[in-house]
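Undergrad: only geometry, no sequence info:
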């Protein structure tokens, strides 16, 4: 089976760097990339916006996405339980590494006035989350501007098996994520 070059880098180089930095007694405790979750949280339940965001996710990742629904009713927002309020997709294995490459090589350099990523959520032990304000940095979305000009911000979450925040920071920095120092 053909291995993606980022997967190969992770397996051959990053694992050894992790072993040297954080001394592990068991190789199964070495942090690995688990999945990448892409999410559009729409502020409306209008089917036009929901289908546009669903189609945008499928164009970005070339994988089938699904709607997210409400778990509870909300009278103020006029939502019933089970109404669709957004869409998400989970990338694993080779598709995850392909998307990560696309993000690092094509998307981040294309963003104007880009000074680095800021975490929009508090950094947890094993997840790193950020939002892309401009969805038109993806070439497939840019080609169909008239369909996707009302898209919400894209929320991207990178999930690992790290047990400590220090391990997660090391993995993220080694993979060359452009993080803004706080």
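TA: Yep, it's here. For clarity, every value in this text was computed on a predicted model and none was experimentally measured.

Undergrad: Enumerate residues external to stretch 17-27 that contact any of its residues.
TA: Outside stretch 17-27, the residues within contact range by C-beta atoms under 8 Å, 6 or more residues apart in numbering are 15, 30-31, 164, 166-167, 170-171, 174. C-beta here means a position set from N, CA and C on the backbone, and glycine is covered the same way.

Undergrad: Filter the residues you listed down to the buried ones.
TA: 15, 30-31, 167, 170-171 (16 or more other C-beta atoms under 10 Å).

Undergrad: Redo those residues as a markdown table? Include pLDDT, distance to residue 81 and secondary structure.
TA: Rendered in a markdown table, the data for the buried ones among the contacts of stretch 17-27 read as follows (pLDDT from 0 to 100; distance: C-beta to C-beta, whole Å; DSSP: H, G, I helix; E, B strand; the rest coil):
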| residue | pLDDT | distance to residue 81 | secondary structure |
| --- | --- | --- | --- |
| 15 | 78 | 44 | helix |
| 30 | 80 | 41 | coil |
| 31 | 84 | 37 | coil |
| 167 | 81 | 38 | helix |
| 170 | 81 | 41 | helix |
| 171 | 80 | 38 | helix |
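
Undergrad: Just give me the closest of the residues you listed to residue 153.
TA: Taking C-beta to C-beta as the measure, residue 171 is the one of the buried ones among the contacts of stretch 17-27 closest to residue 153, at 24.3 Å.

Undergrad: tell me the centre residue of the protein?
TA: Centre of the chain computed as the mean C-alpha position; nearest residue by C-alpha atoms, centre = their mean is residue 156, 2.8 Å away.

Undergrad: What strand or helix carries that residue?
TA: When elements are assigned from DSSP states H and E, residue 156 belongs to strand 154-160.

Undergrad: so what does that strand touch, helix or strand wise?
TA: Here strand 154-160 touches strand 33-41, strand 127-132, helix 165-174, going by 3 or more C-beta pairs under 8 Å, 6 or more residues apart in numbering; DSSP states H and E.

Undergrad: so where is the protein shaky, pLDDT-wise?
TA: 1-3, 42-46, 70-80, 82-84, 114-124, 180-182 (pLDDT under 70).

Undergrad: hmm, try it at 50
TA: In the predicted model of the chain, residues 1 satisfy pLDDT under 50.

Undergrad: For it, just list every one of the helices.
TA: Assigned by DSSP state H, the chain shows helices spanning 5-9, 15-21, 47-61, 93-102, 108-110, 139-142, 145-148, 165-174.

Undergrad: contacting residues around residue 175?
TA: Contact criterion C-beta under 8 Å, 6+ apart gives 6, 10, 14, 100, 104 as the residues in contact with residue 175.

Undergrad: any chance of those in TSV, plus neighbour count?
TA: As requested, those are arranged in TSV below (neighbours: other C-beta atoms under 10 Å):
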residue	neighbour count
6	18
10	22
14	19
100	20
104	15
